[in-house]
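Novice: give me a model of this one.
(one chain, ligands or ions: 1)
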Amino acid sequence: MKQVHEILPPGLPFGDLMDALSGVHRVYERAALEMAAFRDSSGVACPDGCGSCCESFIPDLTSLEAGYLAAFLSRAAPARALELALDGFSEAERDEPHCPFYRSDAAHCSVYEGRPLICRLFGYSGVRAKDGSSSFALCRRMDALPGRTARSWKGEDLGRELGAVPPLMSDLASELQAVRPNESPERRLLTDALPEALRKVLFLAGFGAKDPGDEPEPEPLAPMPRAG
Ligand code: SF4
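Specialist: Next up is the predicted model:
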């Protein structure tokens, strides 16, 4: 995973916001490490080229995550960032069943390095029950693990059978919230939250005064998230 200064706009006067976005980045890094450890020890893997998680899905995210994605987009695709800040997503984009950043022709996420936590955990996230125990189930698109018939595990079986516990969305979401405890934990659809976050980020960055020119849409930045 890249360093935060490679993803977010460098040297911009974000002040407290930049500190908070660095905190978000650290949580994302931790999610990536936990996921890699789980994938390596368990053998759980998304099918090659699968983009099903994004096909009928619009992610929801907190305002801080929206700020992270907005800052990422303002660096990676300033023209698109300004367009979204001014006009929001078009009606056609909102009518699509899939995420507006999903490239269905190539099964790619076009904002891969800025995507929200929920997208980073696609396919590999466990669930924590009220009693504190965790569980994990293979996605229906995943093959069974070699030599096994079980497709779900819970409690002590999870670590024993798969060699590691998967990242838990609830735990990582709590860590995100701890980055800025006073920030609202409300989650909103990306299509609603991102334009608002972009207006704030572009205002703070002073991008609004610049002409971003006719920059093309960014190429997909990385292969489709196989859970991140
Ligand atoms: S991974 Fe990217 S394309 Fe897929 S739902 Fe998340 S933001 Fe959208």
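Novice: are stretch 164-184 and the ligand in contact anywhere?
Specialist: No. Using CB under 6 Å from any ligand atom, stretch 164-184 stays clear of the ligand, coming no nearer than 13.8 Å. Every C-beta, even on glycine, is put in place using the N, C-alpha and C of the backbone.
Novice: mean confidence for that stretch?
Specialist: For stretch 164-184, mean pLDDT is 93.
Novice: quick one: contacts of it?
Specialist: Residues from elsewhere that reach stretch 164-184 (CB atoms under 8 Å, 6 or more residues apart in numbering): 20, 23-24, 27, 30-31, 34-35, 37-38, 40-42, 44, 62-65, 117-118, 121, 124-128, 134, 136, 158-159, 185.
Novice: can you name the residues of the chain sitting close to the ligand?
Specialist: Taking CB under 6 Å from any ligand atom as the measure of proximity, the chain contacts the ligand at 54, 57, 59, 99, 101, 102, 109, 111, 115, 119, 225.
Novice: widest-spaced pair of those?
Specialist: Greatest spatial distance among the residues of the chain next to the ligand (CB to CB): 57 and 111, at 14.2 Å.
Novice: so between the two, which is more surrounded?
Specialist: residue 111 (23 against 16; other CB atoms under 10 Å).
Novice: contacts only, for that one.
Specialist: When contacts are counted by CB under 8 Å, 6+ apart, residue 111 touches 69, 72, 73, 76, 101, 221.
Novice: kindly recompute the last result at 6 Å.
Specialist: By CB atoms under 6 Å, 6 or more residues apart in numbering, the contact set of residue 111 is residue 101.
Novice: how many neighbours does residue 116 have?
Specialist: Neighbours of residue 116 under the rule other CB under 10 Å: 23.
Novice: same deal with residue 58?
Specialist: Neighbours around residue 58, by other CB under 10 Å: 18.
Novice: pretty sure it contacts residue 189?
Specialist: Yes. Shown here, residue 58 and residue 189 form a contact pair, counting by CB atoms under 6 Å, at 5.2 Å.
Novice: report the central residue of this structure.
Specialist: Centrality entry for the chain: nearest residue to the mean C-alpha point is residue 116, 2.4 Å, by CA atoms, centre = their mean.
Novice: if I look at it, how far off is residue 56?
Specialist: When distances are taken as CB to CB, to the nearest Å, residue 116 and residue 56 turn out to be 17 Å apart.
Novice: tell me the SS of the residue of the chain positioned farthest from its centre?
Specialist: Within the chain, the residue lying farthest from the chain centre (CA atoms, centre = their mean) is residue 147, at 32.0 Å. The three-state label given to residue 147 by DSSP: H, G, I helix; E, B strand; the rest coil is coil.
Novice: got the confidence number for it?
Specialist: Here, the pLDDT recorded for residue 147 equals 88.
Novice: list phi and psi for it.
Specialist: phi 80, psi 10 (degrees, to the nearest 10).
Novice: quick one: stretch 57-72 to chain centroid distance?
Specialist: Its chain's C-alpha centre and that of stretch 57-72 lie 8 Å apart, by CA atoms, centre = their mean, to the nearest Å.
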